[in-house]
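Student: whatever this is, show me its structure:
(one chain, ligands or ions: 1)
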Amino acid sequence: MEFNLKLGCHFGILEKWFVNCRIFKKHILKQFKKYINMGSGYLIIAGAIMLFSWLVSSRLKSKFELYSKLQLRNGMSGAEIAEKMLADNGIRDVRVISTPGQLTDHYNPSDKTVNLSEAVYNHRNAAAAAVAAHECGHAVQHSIGYEWLTMRSKLVPIVSVASNYVQWILLAGILMIRTFPQLLLIGIIIFAATTLFTIITLPVEYDASNRALAWLENKHMLTQEEQAGAKDALKWAARTYVVAAIGSIATLLYYISIYSGNRRN
Ligand SMILES: [Zn+2]
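Tutor: Here you go, the predicted model:
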């Protein structure tokens with residue numbers, strides 16, 4: 001009797017263990033499937049964004065190559081155009097300097113310099129004119145305290161620190177979603193700041209291009225053909241920022257969906 005009881009007891013444990021094992025297997029499988037789904041969702045988003053941004057940036061490159069061949073009738077270099085646009089806007093404390101590399105053109109508000117890549121600085125074509133005037137557009141924004149630029153500048157230090165760590169925080173957050181879901185939430189909040197930055201960049205970039213094109217037109221700097229080329233080149237440059245913003249929003253929504261999906265379960 002005692003033996004049977006013991007046996008029964010052992011069978012009971014064994015049965016329990018099998019049931020547990022089944023539940024455990026089901027749980028593992030469910031988790032595994034979820035990770036696969038998460039991964040494929042991310043791959044689809046990332047793949048689409050990469051393809052889209054590759055299409056836009058290769059189009060931009062071919063546009064710039066095309067308009068680099070369009071020599072300016074006024075014979076001015078990018079640097080000379082930049083100097084004139086700054087002077088016409090009454091800006092005397094901004095320097096125009098040459099910076100090494102390709103597509104490295106930018107306006108630096110901290111030392112008030114319009115940095116033009118060597119090709120833009122020295123060359124005398126429609127693409128160089130467009131870029132030089134666009135960067136001066138940022139200098140004009142800075143001088144009049146254009147609010148979107150001010151807001152963007154305030155976000156720069158936060159975003160530059162955040163972008164170094166945010167991917168690791170998000171990755172750790174996904175791995176620890178069951179035990180410490182708050183980590184993913186922290187990652188999402190930091191990532192949202194970088195998304196906000198890409199959105200605020202849009203009005204700043206479009207406005208700088210609009211100022212550039214308006215000045216080039218009002219001062220009759222370019223011929224009609226050159227003006228159309230400059231407009232087209234800047235249009236494609238702006239689209240790269242649109243793609244970056246869409247990509248950032250899609251990625252943010254993806255992380256939010258993982259977080260809220262986990263909370264529902
Ligand atoms: Zn710009």
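
Student: let's see the pLDDT reported for the closest residue in space to residue 242 that isn't next to it in sequence.
Tutor: Counting by CB to CB, 6 or more residues apart in numbering, residue 242 lies nearest to residue 202, which is 6.7 Å off, once chain neighbours are set aside. All C-beta spots, glycine's among them, are computed from the backbone N, C-alpha and C. pLDDT, residue 202: 97.

Student: and what of residue 166?
Tutor: 94.

Student: now the helices for the protein?
Tutor: 2-68, 78-88, 118-122, 126-144, 147-175, 181-218, 224-264 (DSSP state H).

Student: go ahead and confirm the residue nearest to residue 242 touches residue 240.
Tutor: No. The pair residue 202 / residue 240 is not scored as a contact, 11.0 Å apart, by CB atoms under 8 Å.

Student: coming back round to it: most tightly packed of the helices of the chain?
Tutor: The highest average neighbour count among the helices of the chain, using mean count of other CB atoms under 10 Å, belongs to helix 126-144 at a mean of 26.

Student: quick one: list the elements packing against it.
Tutor: helix 2-68, helix 78-88, strand 106-108, strand 113-117, helix 118-122, helix 147-175, helix 181-218, helix 224-264 (3 or more CB pairs under 8 Å, 6 or more residues apart in numbering; DSSP states H and E).

Student: worst mean pLDDT among these?
Tutor: What stands lowest among those, in mean pLDDT terms, is helix 2-68, with a mean of 67.

Student: what is residue 113 paired to in the beta sheet?
Tutor: The partner list for residue 113 in beta bridges (DSSP bridges) reads residue 95, residue 108.

Student: for residue 257, give me its contacts.
Tutor: residue 41 (CB atoms under 8 Å, 6 or more residues apart in numbering).

Student: also residue 184?
Tutor: Residue 184 neighbours (CB under 8 Å, 6+ apart): 170, 173-174, 176-177, 255, 258-259, 262.

Student: please name the nearest non-neighbouring residue to it.
Tutor: Closest to residue 184 by CB to CB, 6+ apart is residue 173, at 3.1 Å.

Student: tell me how far the one you found lies from residue 185.
Tutor: 8 Å (CB to CB, to the nearest Å).

Student: do I have it right that the residue nearest to residue 184 meets residue 187?
Tutor: Yes. Assessed by CB under 8 Å, residue 173 is found in contact with residue 187 at 4.4 Å.

Student: quick one: stretch 237-250 near the ion?
Tutor: No. Using CB under 5 Å from the ion, stretch 237-250 never reaches the ion; the gap is at least 7.6 Å.

Student: ok, back up a step: mind checking the helices and strands packed on helix 126-144 for the one nearest to residue 97?
Tutor: strand 113-117 (5.3 Å; CB to CB).
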